[in-house]
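Undergrad: 3D, please:
(one chain, ligands or ions: 2)
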Amino acid sequence: MEFRNLRIIDHPLIRQKLYFLRSKETGSVNFRSMLNEVAALMAYEVTRTLPVKEKEVDTPLEKTTGHVLACPVTLIPILRAGLAMCDGIMAVIPNARVGHIGLYRDHKTLRPVQYYLKLPSDIAESEIFIIDPMLATGGSAAAAIDLVKEHGGASISFICLVAAPEGVRLLEERHPEVPVYAAALDRQLNNRAYILPGLGDAGDRLYGTQ
Ligand code: PRP
Ligand code: URA
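TA: Ligands and ions are numbered 1, 2, ... in the order given. Got it, this is the predicted structure:
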């Protein structure tokens, strides 16, 4: 399957953590910490092309030129499950701003329902990463990207752990310029729009709400 918008981040440590995240034997405590860790590992790859600018710095010995990020970074987790990945990414970009989008999937219609929105005021100048471990039908991700664009966001990437082909395809149609980073592209959705093989309901596994 070829998707022009999809970038799979392949690394032995990410593969092993994903193995444990998929396992139904993994409980909430380990699930949360492992999702955090995998997100921190993915952060190196998704930030690889961030623009930098030169800046002078005084070392203890002399003046030299170093580099700093050229623009602010905004992380936008989709509640609830995006929060755990956001924490992991903040471990490596501690001064990132954080916006929040609250969406849940209506169980009957499978359409996303919005219940919260709080974004930094200057997202127009920011490099934006929308974060959610699960990209299933793509409805939630597409709605989140719509909201961020409506509020002025322009340079947007989407980060997930597991993607279904259906979701990647929807984002390719609706937001072709948004790169989608994932640790794995899974096979398909089941008849309740859960990802197969997937890892189940990420929010419930994170917060023990099954
Ligand atoms: C899950 C997941 C995504 C969404 C993906 O959230 O975290 O946000 O489903 O499905 P989609 O691609 O078909 O839209 P859920 O709606 O279960 O909410 P929760 O995180 O609060 O559990
Ligand atoms: N949301 C989840 O948490 N898991 C899926 O497999 C699909 C949507």
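Undergrad: what does the chain have sitting close to ligand 1?
TA: Residues of the chain lying close to ligand 1 (CB under 6 Å from any ligand atom) are 78, 80-81, 103-105, 112, 132, 134-141, 167, 193, 201-203. To be clear about C-beta, it is placed using only N, CA and C from the backbone, and glycine gets the same treatment.
Undergrad: Swap in 5 Å and give it another go.
TA: Residues of the chain lying near ligand 1 by CB under 5 Å from any ligand atom: 78, 80-81, 104-105, 132, 134, 136-140, 167, 203.
Undergrad: Adding distance to Leu6, pLDDT and neighbour count, write those residues out as a markdown table.
TA: Shown next, in a markdown table, are these (distance: CB to CB, whole Å; pLDDT from 0 to 100; neighbours: other CB atoms under 10 Å):
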| residue | distance to Leu6 | pLDDT | neighbour count |
| --- | --- | --- | --- |
| Ile78 | 18 | 98 | 28 |
| Arg80 | 24 | 95 | 17 |
| Ala81 | 20 | 96 | 24 |
| Tyr104 | 25 | 94 | 14 |
| Arg105 | 21 | 93 | 18 |
| Asp132 | 15 | 98 | 27 |
| Met134 | 15 | 98 | 25 |
| Ala136 | 15 | 98 | 26 |
| Thr137 | 16 | 98 | 19 |
| Gly138 | 12 | 98 | 25 |
| Gly139 | 17 | 98 | 21 |
| Ser140 | 17 | 98 | 26 |
| Gly167 | 10 | 98 | 28 |
| Gly203 | 23 | 96 | 21 |
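Undergrad: can I get those in a markdown table with secondary structure?
TA: Shown next, in a markdown table, are the residues of the chain next to ligand 1 (DSSP: H, G, I helix; E, B strand; the rest coil):
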| residue | secondary structure |
| --- | --- |
| Ile78 | strand |
| Arg80 | coil |
| Ala81 | coil |
| Tyr104 | strand |
| Arg105 | strand |
| Asp132 | coil |
| Met134 | strand |
| Ala136 | coil |
| Thr137 | coil |
| Gly138 | coil |
| Gly139 | helix |
| Ser140 | helix |
| Gly167 | helix |
| Gly203 | helix |
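Undergrad: just these that are near ligand 2?
TA: Filtering these for proximity to ligand 2 by CB under 5 Å from any ligand atom leaves 134, 136.
Undergrad: Residue of this structure closest to ligand 1, please.
TA: Gly203 (2.3 Å; CB to the nearest ligand atom).
Undergrad: which residues sit in contact with that residue?
TA: Counting by CB atoms under 8 Å, 6 or more residues apart in numbering, Gly203 touches 80-81, 209.
Undergrad: go again using 6 Å as the cut-off
TA: By CB atoms under 6 Å, 6 or more residues apart in numbering, Gly203 lies in contact with 80-81.
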